[in-house]
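# I would like to see how this sequence folds:
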Amino acid sequence: MQKIIRTAADLVTEAEAEIVALPPIDVKTRLAGENPPVLIDIRDVRELVKSGRIKGAVHAPRGMLEFWVDPESPYHREVFSQNDSFILFCASGWRSALATRALQDMGMTGLAHMAGGFTAWAAAELPIETEPSKS
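This next block holds a predicted model:
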């Protein structure tokens with residue numbers, strides 16, 4: 001059995017010490033402001049279908065994020081070259097904390113993550129879009 005010397009929670013705590021974390025209400029305010037950031041949803045597509053989306057958020061799956069950001073990658077997405085401010089979120093804030101730190105490590109600036117993720121957004125009763133049932 002592998003011995004883990006740093007837990008996933010340890011990594012999240014370390015990341016959170018080095019990144020900007022915004023509560024959902026601050027994210028909503030920034031999105032409504034002048035020069036709004038791009039909201040990046042890194043959840044799995046199944047989570048989007050199950051829980052809904054935040055209107056206007058760009059879906060960039062966690063497993064592809066670094067490749068989509070890197071302009072030298074064959075998977076690069078222009079949204080990451082056309083903007084200079086991004087707020088990442090996942091379901092609870094753990095993955096987005098790690099992802100935000102990874103993008104900072106790549107040299108990106110203008111980054112934050114949404115504390116508590118989509119769960120906190122929904123708990124604050126902020127708007128969510130759901131897909132119609134396909135039944």
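# CA only for contacts and neighbour counts going forward, please
Fine.
# Longest helix of this structure, counting residues only.
For the chain, the longest helix by residue count, based on DSSP state H, is helix 94-105.
# What are the buried residues along that one?
Residues 94-101, 103-104 are the ones in helix 94-105 that count as buried (16 or more other Cα atoms under 10 Å).
# cool, stretch 69-76 as well?
Here stretch 69-76 shows 69-70, 76 as buried, counting by 16+ other Cα under 10 Å.
# Same question for stretch 2-15.
For stretch 2-15, the buried set under the neighbour-count rule, 16+ other Cα under 10 Å, comprises 12, 15.
# Please tell me how far the closest residue to Val20 other than its chain neighbours sits from Glu129.
Nearest non-adjacent residue to Val20, counting by Cα to Cα, 6 or more residues apart in numbering: Ala112, 4.7 Å away. Ala112 sits 22 Å away from Glu129, going by Cα to Cα, to the nearest Å.
# Looking at these two now, which is surrounded by more residues?
Ala112 (24 against 12; other Cα atoms under 10 Å).
# Confirm for me that the more buried one is in contact with Leu98.
No - contact criterion Cα atoms under 8 Å: Ala112 and Leu98 do not qualify, at 11.1 Å.
# Kindly format the C-alpha coordinates of the next helix or strand after the longest helix of the chain as PDB.
Once the chain leaves helix 94-105, the next helix or strand it forms, by DSSP states H and E, is strand 111-114. C-alpha atoms of strand 111-114 as PDB (Å, rounded to 0.1, in the frame of the first residue of the first chain):
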ATOM      1  CA  LEU A 111      -7.000  34.500 -11.100                       C
ATOM      2  CA  ALA A 112      -9.400  33.700  -8.200                       C
ATOM      3  CA  HIS A 113     -11.600  30.800  -7.200                       C
ATOM      4  CA  MET A 114     -15.000  30.700  -5.800                       C
END
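# Which strands or helices does the helix or strand following strand 111-114 pack on?
Following strand 111-114 in sequence order, the next helix or strand is helix 117-123 (DSSP H and E). Using 3 or more Cα pairs under 8 Å, 6 or more residues apart in numbering; DSSP states H and E as the contact test, the elements touching helix 117-123 are helix 24-32.
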